[in-house]
Structure formats: C-alpha cells, structure tokens
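Student: A predicted structure for the sequence below; I have some questions about it.
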Amino acid sequence: MMIKKISELFICFFIFTLLFSFTYLESKEPCTPDFVLDTSTIPLNDTDKNPVYVLFDGSLSMQGFVNPSDQDTNLYVEVIDDLQQIAETIGNETHYLRFGRFVKSINESEAARATDPSFYTCPQDPANCDNQETRLDEAIKTTQLNKDATYIIVTDLFIENKNLIGGKLHQLKKPLNKVLDGGKSIGIIGIMNSFNGTIYGIPISGGGVTTYSRANKRPFYIMIIGDQKNIHKIKTKLEKQYFINNGDEYKFSLITSNPIIQNLNINKKINGKNLFKTKNQPSEFKFEYIKSNLPLYQFNTNQKRHLKFTIKKTEILVPGSNGIANYEIKEILWNSSEVKCKKINKNKTWKKAKLDTISTWDEKIPGGLDDEVSIYLLKKLNVNPEIKKSPLMELWRGFRYFHLVNVYADKPGNISGNKFKDWSITKAQAQKFIEGDPVVFKTLNLVKLVKVLNDVANERFKPTLIASIALDFNLTK
C-alpha cells in the first residue's frame with residue numbers, strides 16, 4: 001500500500017515537473033507580432049559533372065599568338081595546354097570545335113594544333129578556308145547543344161561593328177538569353193600576351209578595313225559559359241599558375257543575372273556583431289535565430305542609440321561579378337505599450353505603425369578596408385536629418401518596439417566595362433590608334449561587347465532577398 005502511494009506521488013510530481021518545464025520554455029520564447037517572412041530566390045548550382053566544349057577561334061589574326069617571338073610573355077601556348085587538362089577535371093567528357101564564320105567539330109589531334117601556326121592557315125583547301133571572320137554569335141549558339149555543359153571559347157574578341165548591330169546583334173543576344181535564363185553565367189578572362197603576326201579587319205575612317213603588323217603585345221580572351229562554380233574553378237587554376245604577381249597582364253569579370261552568392265539567413269551568417277559591436281552592446285542584450293532562420297535582436301536601449309546593421313560584401317556578392325547598384329529595404333514597425341507580451345491575444349499587444357520605408361542604406365568603396373553595406377535602421381524617423389541625432393528620439397519612451405527588416409539587392413551594377421576599358425578601342429578610334437604605331441594593340445569594340453553581355457544579364461536580374469532581421473527592444477524612460 002505504501003509503495004503504491006509513493007508511486008502515485010512520483011507520477012504526480014513527474015507530470016507537474018513536465019508541465020512546469022513546458023510553461024517555462026514557452027515563457028522564454030520571444031513574443032512576436034504575426035507576420036510572414038519573405039523567402040530566398042537564389043538558385044542552387046548543379047554539382048554533377050557534365051560535358052565540356054572547348055572552342056578555338058580559327059581566324060588568321062590569332063596566328064600571331066603562336067608564332068615564335070622574342071617576348072617573354074608568351075603564355076598562349078601554355079594556357080591552351082592547361083585549359084585542355086582543366087576541362088577534363090570539370091567535365092565527364094570533352095569536345096573540341098573550331099569557329100570562324102561557322103562552327104565545326106574537330107578531333108583531339110586537330111585541337112592540339114591550336115598552338116601551332118598551321119592551325120590558322122588553309123594551305124590544302126584555300127577555297128573553303130574559314131579564317132577570315134570571327135562570328136562569336138555562332139560560337140555562343142553552340143550552348144544549345146547541351147544546356148548543362150560548360151563552354152570554353154578561346155578568342156581575341158575582335159568584333160566588327162556589323163556584328164554588334166541589327167540582325168547580327170539579335171543573333172548574338174538570342175543564345176545569351178537562353179544561357180542566362182537557364183541560370184548560367186559568363187566569365188571573361190583577359191590575358192595580355194606577346195604577339196608576332198598580322199591583325200586583320202581594322203576599320204578605317206574612309207570606310208573599309210586595313211591590317212596592322214607592328215604590335216608585339218596583344219590580349220587574348222577565354223570566355224567561359226556555364227555554372228559559376230566551374231567558371232571560378234577554371235579562373236582560380238589559371239590565376240595560381242600564372243597571375244599571382246602579374247595583375248596588370250590579366251583581367252577577369254563575371255557576367256551573371258545572379259550576382260548574389262547566398263542568403264545570409266539560410267546559411268546563418270548573421271550574428272550579434274552585425275548590429276552591435278561587443279563593447280557597444282545595450283543592456284539585457286540577446287541574439288538568437290527564431291522561426292525560419294530569422295535573426296532576432298532583443299535589448300533595452302535609450303533614445304540616444306544609433307542602430308546600424310552591416311553586411312560584408314564578400315559574403316553576398318559573387319566574386320568578380322558586377323555587384324549591386326541599388327538595395328531596397330522593406331520593413332514593418334510595430335509598437336506596444338505593454339513591455340510584457342499578451343500571449344493570449346498578440347494582436348492587442350502589437351500595433352502596426354503606418355509608415356513607409358524608414359531605413360536607408362549606404363556602402364563603402366569596393367575593395368576598401370570597410371567593404372560593406374550599411375543599413376541605417378529607422379533613420380528617416382529623424383524629422384530634421386541635418387541635425388545629427390538618433391532617430392529613436394522620435395519614438396515614445398516606455399514603449400516596446402518590434403522592427404522587421406528585409407534587405408534586397410534591387411539593381412545590378414556595371415563594373416565589367418570599366419575593367420576592360422584600357423584594353424578597348426572603338427571603330428571611331430581605330431584609325432588614329434594605328435597611326436600612333438602602337439606596340440600594344442587593343443581590342444576592337446571590347447567594351448561595347450561587354451556592355452551587350454551586361455545588358456542581357458541585367459534584363460534577367462530579379463530582386464533578390466539578401467537578409468532579414470528583427471529587432472525587439474524596449475525604449476527605456
């Protein structure tokens with residue numbers, strides 16, 4: 001009988017303890033207003049190995065890269081050999097093609113001749129020789145062979161004006177649209193190289209074209225079309241091999257409609273220091289992730305505090321991409337006269353403020369010591385921004401506030417054109433340029449081509465959620 005009573009008491013104690021534990025845990029959960037979180041739209045890269053297509057520009061102007069030269073910067077032969085080996089590491093099979101006005105498949109032994117002058121001449125069949133024109137649109141059109149493949153195009157990107165206007169431009173843009181719609185990106189690697197040959201198709205002022213053969217240096221380009229991970233794998237391998245201490249001879253840009261590498265919430269990259277430095281934390285500060293990986297900052301503060309949320313660009317931007325020209329902030333602010341939340345009816349606890357966007361953003365110079373985006377929370381509450389005071393001074397003291405903030409990449413940047421500006425000439429500049437007897441020859445319409453690529457990518461850009469945060473704070477009296 002005694003044992004039975006002890007057992008009953010133990011069971012009652014256990015149930016009481018369990019119920020108390022649940023009540024205690026519930027009381028520790030943050031009391032938030034009702035809201036629906038925005039979701040990330042960042043695509044995931046495919047990790048499977050797929051075919052690689054390597055395309056060689058067979059135009060006669062390319063021959064100067066492989067002719068014997070006294071210069072010590074002849075990397076073309078070495079880079080081409082390495083590219084063929086790299087292709088085997090990122091794909092399950094490699095295909096080789098050559099292009100001029102048309103694209104045709106070639107076997108491995110023919111591809112090996114791309115580092116030999118004979119590859120760019122047609123002594124056996126001059127009547128059917130296809131080495132007088134570079135039709136980049138035909139090369140890019142091959143991306144329709146396999147939407148999951150990686151395409152590596154080796155060329156001088158010397159594009160005539162007629163191929164960048166009207167129907168030819170449309171033919172160039174059409175396959176690019178499909179590439180970028182499929183989530184792929186375009187990487188351009190530029191390499192300054194020794195040159196010993198003739199450059200054809202240079203436009204002159206009176207109409208027509210001329211040639212030039214007095215240059216001893218000239219850039220060639222590797223255009224990579226595919227998943228960003230494969231583009232960066234090729235770029236990284238070549239950089240480590242050739243360009244660690246040779247930055248002036250090398251350029252890279254990534255053209256993509258997806259310049260955001262990750263959502264900071266999904267990967268839990270946000271911490272307490274994004275809002276408060278350790279030495280500047282307010283009283284009763286607490287940081288945690290709540291539903292759907294939402295970072296929540298809870299604290300007490302006075303009216304004099306400034307609230308600045310910072311994001312490192314290196315954590316959100318795809319390396320080498322055009323970056324972001326504009327950010328958009330979507331936010332909601334609630335207030336409550338109750339410091340403690342009424343869990344029975346939260347709608348009576350929280351009242352939504354009727355406000356438009358009240359936070360602003362600013363960014364430091366890219367590449368600087370403080371390469372970051374700063375979100376100045378509630379800044380527009382300051383009715384007189386010329387007076388440097390905290391926007392919290394416009395809020396009622398003794399109230400509790402809940403602030404939900406979503407930060408979007410709203411408009412892509414345009415860095416690529418500037419990267420290649422000093423290697424580019426226009427049709428109007430070509431005549432005067434060759435009259436100056438240059439020894440380093442620039443690329444015709446390079447900036448114009450990069451602009452076309454950027455325009456296609458920017459047209460497909462969609463606003464992308466970078467980060468969401470929530471602030472739950474008491475404004476002390």
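Tutor: Received it, and whenever you're ready, just let me know what you need.

Student: what residues does stretch 262-280 touch?
Tutor: Stretch 262-280 has contacts (Cβ atoms under 8 Å, 6 or more residues apart in numbering) with 40, 42, 281-282, 285, 287, 289, 292-295, 297, 299, 307-311, 315-316, 465-469, 471. Using the backbone N, CA and C atoms, a C-beta is placed for each residue, glycine as well.

Student: go on, stretch 160-180?
Tutor: Residues from elsewhere that reach stretch 160-180, judged by Cβ under 8 Å, 6+ apart: 135-137, 140-141, 143-144, 147, 186, 201, 203, 209, 225, 256-257, 427, 444-445, 448-449, 452-453, 456-457, 460.

Student: of those residues, buried ones?
Tutor: The neighbour-count criterion (16 or more other Cβ atoms under 10 Å) marks 135-137, 140-141, 143, 186, 201, 203, 225, 256-257, 427, 444-445, 448-449, 452-453, 456-457, 460 among the contacts of stretch 160-180 as buried.

Student: one step back: filter the contacts of stretch 262-280 down to the buried ones.
Tutor: Of those, these count as buried by 16+ other Cβ under 10 Å: 40, 281-282, 285, 287, 293-295, 297, 299, 307, 309, 311, 316, 465-469, 471.

Student: go through those and flag which are in strands.
Tutor: The strands, defined by DSSP state E, take in 285, 287, 294-295, 297, 299, 309, 311, 465-469, 471 from the buried ones among the contacts of stretch 262-280.

Student: identify the farthest-apart pair in those residues.
Tutor: Farthest-apart pair in those is 285 and 465; separation 25.8 Å (Cβ to Cβ).

Student: tell me which of the buried ones among the contacts of stretch 160-180 fall in helices.
Tutor: Residues of those located in helices (DSSP state H): 136, 137, 140, 141, 427, 448, 449, 452, 453, 456, 457.

Student: for the fourth one, what are its contacts?
Tutor: The reference is to residue 141. Residue 141 neighbours (Cβ under 8 Å, 6+ apart): 103, 171, 174, 175.

Student: again, only this time at 10 Å
Tutor: Contact partners of residue 141, counting by Cβ atoms under 10 Å, 6 or more residues apart in numbering, are 99, 103, 135, 171, 172, 174, 175, 176, 178.

Student: restricted to strands, list those.
Tutor: Checked against DSSP E, those include these in strands: 99, 103.

Student: make CSV out of the contacts of residue 141 and add distance to residue 384 and pLDDT.
Tutor: Listed next are these as CSV, based on distance: Cβ to Cβ, whole Å; pLDDT from 0 to 100:
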residue, distance to residue 384, pLDDT
99, 63, 93
103, 64, 93
135, 61, 86
171, 57, 84
172, 53, 85
174, 54, 88
175, 54, 87
176, 49, 88
178, 52, 87
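
Student: from the contacts of residue 141, pick the one nearest residue 438.
Tutor: Among the contacts of residue 141, and counting by Cβ to Cβ, the member closest to residue 438 is residue 135, at 26.1 Å.

Student: buried subset of the contacts of residue 141?
Tutor: 99, 103, 135, 171, 172, 175, 176.

Student: right, and the second one touches residue 134 too?
Tutor: No. Between residue 103 and residue 134 no contact is recorded; they are 11.6 Å apart, counting by Cβ atoms under 10 Å.

Student: shared neighbours of the two, anything?
Tutor: Counting by Cβ under 10 Å, 6+ apart, the residues touching both residue 103 and residue 134 are residue 58.

Student: could you identify the helix or strand that succeeds the least confident helix or strand in the chain by mean pLDDT?
Tutor: Using mean pLDDT, DSSP states H and E, the weakest-scoring helix or strand in the chain turns out to be helix 2-28, at a mean of 41. Sequence-wise, the next helix or strand downstream of helix 2-28 (DSSP states H and E) is strand 52-57.

Student: so what's the spatially most central residue of the chain up against?
Tutor: A centroid search over the chain (Cα atoms, centre = their mean) returns residue 259, at 2.5 Å, as the residue closest to the centre. Shown in contact with residue 259 (Cβ under 10 Å, 6+ apart): 185, 228, 316-318, 320-324, 409, 412-413, 415, 457-458, 461, 464.
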